[in-house]
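Chemist: Turn this into a model:
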Amino acid sequence: MYDKWSLDVLYTGLDDPKFTDEFHQIDAYVKKFKETAAVLGTKDERTTAKECLSLLEDYNKILSRLAGYCSLRQSADTNDGESVSCLGRIIQKHNDTIPYATAIEKYLSNIADLDAVIGDDEMLCDYSYYLHELQKSAKYLLSEEVETALGAMDISGANAWSDLQGYLTSSVKVDYKGETTTLSAIRNMAYDADPAVRKSAYEAEIAAYDKIKDAVAFSLNSIKMQDLSECKLRGHASPLDKVLFKSKMQSETLNALLEAMKEYMPSFHSYLRAKAESLGYKNGLPWYELFAPMGKSDKKYTVAEAKAYLMNIFKAENPRLAEITDRAFEENWIDFFPREGKVGGAFCAGLETEKEFRILTNFDGSMSDVVTLAHELGHGYHDFMIFDNRPLNMSYSMPVAETASTFNENIVVNYAIAHAANDEEKLALLEGQLSDVTQIICDIYSRFLFESKVVENRSNKFMFADELCSIMLEAQKEAYGDGLDHEVLHPYMWVCKSHYYSADLGFYNFPYAFGGLFARGLYAKFRQEGSAFLEKYNYMLKETPVRSVEDVAKICDIDLTKKEFWLMSLHSYDEAIEEYKRLVK
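Modeler: As a prediction, this is how the structure comes out:
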C-alpha cells in the first residue's frame, strides 16, 4: 500500500493536457509582464501596486506547479531525462519574465510613501512586510538586462553544476562484497548492528567517492565562484552576508548561536568519548562508529507500524498534526524506499496551490527512520500553517525552516525515552537522541567551518579534490575535538552533502543548528504550558514568512540575540548526556 508518492494532484504526466496548457501559459504571462512593465507609472500607485501583486500571485501559482512537478519527478528518478529537459525549458521561459518582473519590483520598491499607499487596503496590508522587504532588497537588485543575463546563465551555471552533483552521487556504483549498490544504501549501513558491516560499508563508501570526486570538486568550485561573483555585482559584503539578509536574520543572532555551540561542544565530545570507550576505542570514536547502535533496540518498523507509532504520539500531543500525518500516509504523499536513481536523504516539498506536501525519504525501518519521518512531517505541518497566507507570503527563511521539523523530533524522541521498557532500550533511545543532536551541533559546525574556508579560498584559487578533503578534515577535527579518532574521519563529506551545491542557498548548515536549538527551547515551553502553547506556536509558524527570525521568536517571548537562550537549550541535554554515560558503564 505504502511505497511511492503520487503527483497526480499536479499532473498525471508530462503529456497531461493540463501540464501542456499551463506550460504554454508561461508565454502568455511573459506578454502580461511586458505589458504591465510598459505602463508602470501611468496609474495611481495603489492601483498599480495591486495589479502588479495580482500578476505575481497568478504567475507564481503556475510556475510553482510546473517547476515543482518536474523537480519532484527528477528527485525520485535522476535518470528521468524528460523531466530534466522539461525543467530546463520552464526555466528558459521563466527567464523571459525576469526583465519585466525586475522592472515591477523596482517600481514597487521605489514607492516613496509606501505606508500611505498601503493605507487600509486589505490586499496591500497583507503584503506590507513583503513590500517593505522589497524596498530593503532594492539596493541589491541589478538592471533588467543584467538580471536577465544572470538568469539565463544560471541554467548552464550553478543549476547545472548542482544537477551534476546530484546525478553523480545518486548514480555512482558502490562496490561492496562483490556486488554493486548505491550511496544511499551503503550509507544506511552505518546504522547496522554488526561492527564489521559498519566498517566495511564505510570503506566501500570512501572508495566510491574516488570515482566522482574530481567532477564534484569542479561543481563546488564553480558554484562558489558564481556566488562570490554575484555578491560582488549586487553589493553584498560576502556570501554569508547575503544569506543572513535573505534569512531575515541579524549577525548578532548567528554569533550568539555559534558562541554558545562552541562553548557547549565539550559536553558532546564527552558523550562521544564515552561511546568510544564502551566500544573498545582509546583514541576517540572512528567515523564509521558514529551511528553504531547502543543498547538493545532491534525493532524494525514497517511503514504501517511507523504510521501507527507516530499517530499514537501525535493524537495525544497535537490532534491537528495527527490529522495531517494520516492524510500524508493514506493519500500517497510520501516516497518511502531507496532505489537506484533516487536521490539520497530526505526532504519535504510544499505544494502550495494544492494545500498539500510531498515527502521523499529512504526508509529502511529503523527508529532513526521513524524520527526522520516525524521530522519531515514537521516541515509539512509548517506548510499547513502558512497555506492560508497570500501566495507571495509563503516563503519562510532558512533558519526557521527547521523549527517545526525538529520540534516534532523532540516530541517523538522524548516520548520514546520516557516509555522505554528497560535500561537497554533507554540507552538505545538516548544514543539516537544524542547522535542526532551531535550532528546538528558538531557536524553542522564542521560544515560551517568548511564552507567558510572554501568561500575564503575560492576568491583566489581553485581547490582540487585533495585540498577540499584536507579542509574538511581540519574542520572535523576542530568541531569534534577529542570525541573522534583524528586518524579515521570522513574527508568526502563535501561530496555527498547537497547543501553545498546551490548559489542561492549558501551556508545551508547553521539553520539546522538554529532550528534544533530554537525548537528545543520551544519544546521546553510546550512542556510547561501544555496544549495552550499550541495556539501561540501555530501563530508563530504562520508568521515566519512575514517577520524576521528575531520578531518571530518574540511571539514566544524569546530573544535570539542573547547567548543565554541558546545555552539554555543546549544545557537541556545535560541530563541525557550524564544518563547516557551512566548506562554505557
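
Chemist: Go through the helix or strand of the chain with the lowest mean pLDDT and flag the buried ones.
Modeler: Across the helices and strands of the chain, mean confidence by mean pLDDT, DSSP states H and E is lowest for helix 144-156: a mean of 84. The neighbour-count check on helix 144-156 (16 or more other C-beta atoms under 10 Å) flags 144, 147-148, 150-151, 154-155 as buried. Where you see a C-beta, it was placed from the backbone N, CA and C, and this is true even at glycine.

Chemist: Give me the helices and strands touching the helix or strand just after it, please.
Modeler: Where DSSP states H and E defines the elements, the next helix or strand beyond helix 144-156 is helix 158-171. Judged by 3 or more C-beta pairs under 8 Å, 6 or more residues apart in numbering; DSSP states H and E, the packing partners of helix 158-171 are helix 183-188, helix 195-234, helix 493-496.

Chemist: what's the longest one packed up against?
Modeler: Put plainly, it is helix 195-234. By 3+ C-beta pairs under 8 Å, 6+ apart, helix 195-234 packs against helix 144-156, helix 158-171, strand 174-176, helix 183-188, helix 239-246, helix 444-458, helix 465-480, helix 493-496.

Chemist: Run me through the strand neighbours of the third one, direction for each.
Modeler: In this case it means strand 174-176. Using DSSP bridges, the strands paired with strand 174-176 are strand 179-181 (antiparallel).

Chemist: what's in contact with the strand it pairs with?
Modeler: With C-beta atoms under 8 Å, 6 or more residues apart in numbering as the contact definition, strand 179-181 has outside contacts at 173-174.

Chemist: sorry, back to before: what's the closest of the helices and strands packed on helix 195-234 to residue 545?
Modeler: helix 239-246 (12.6 Å; C-beta to C-beta).

Chemist: ok, and for the helix or strand just after that closest one, which residues are buried?
Modeler: Downstream of helix 239-246, the next assigned helix or strand under DSSP H and E is helix 251-278. For helix 251-278, a neighbour-count test (16+ other C-beta under 10 Å) marks 253-254, 256-258, 260-261, 264-265, 267-276, 278 as buried.

Chemist: for the chain, which spans come out with low pLDDT?
Modeler: Low-confidence segments of the chain, defined by pLDDT under 70: 1.

Chemist: What are the boundaries of the strands in it?
Modeler: 174-176, 179-181, 334-335, 347-351, 356-360 (DSSP state E).

Chemist: Let me know which of those strands is tucked in deepest.
Modeler: Mean neighbours per residue, mean count of other C-beta atoms under 10 Å, is largest over the strands of the chain for strand 334-335, with a mean of 24.

Chemist: distance of the nearest residue to residue 158 once chain neighbours are set aside from residue 370?
Modeler: Sequence neighbours aside, residue 503 is the residue nearest to residue 158 in space, at 3.7 Å (criterion: C-beta to C-beta, 6 or more residues apart in numbering). Distance of residue 503 to residue 370, computed by C-beta to C-beta, to the nearest Å: 34 Å.

Chemist: before we move on, the earlier item: for the strands of the chain, please prepare a markdown table with the additional fields distance to residue 308.
Modeler: Converted to a markdown table, these look like this (distance: least, C-beta to C-beta, whole Å):
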| stretch | distance to residue 308 |
| --- | --- |
| strand 174-176 | 33 |
| strand 179-181 | 30 |
| strand 334-335 | 15 |
| strand 347-351 | 21 |
| strand 356-360 | 17 |
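
Chemist: Mind checking those for the one nearest to residue 398?
Modeler: Among the strands of the chain, strand 347-351 comes nearest to residue 398, with 13.6 Å by C-beta to C-beta.
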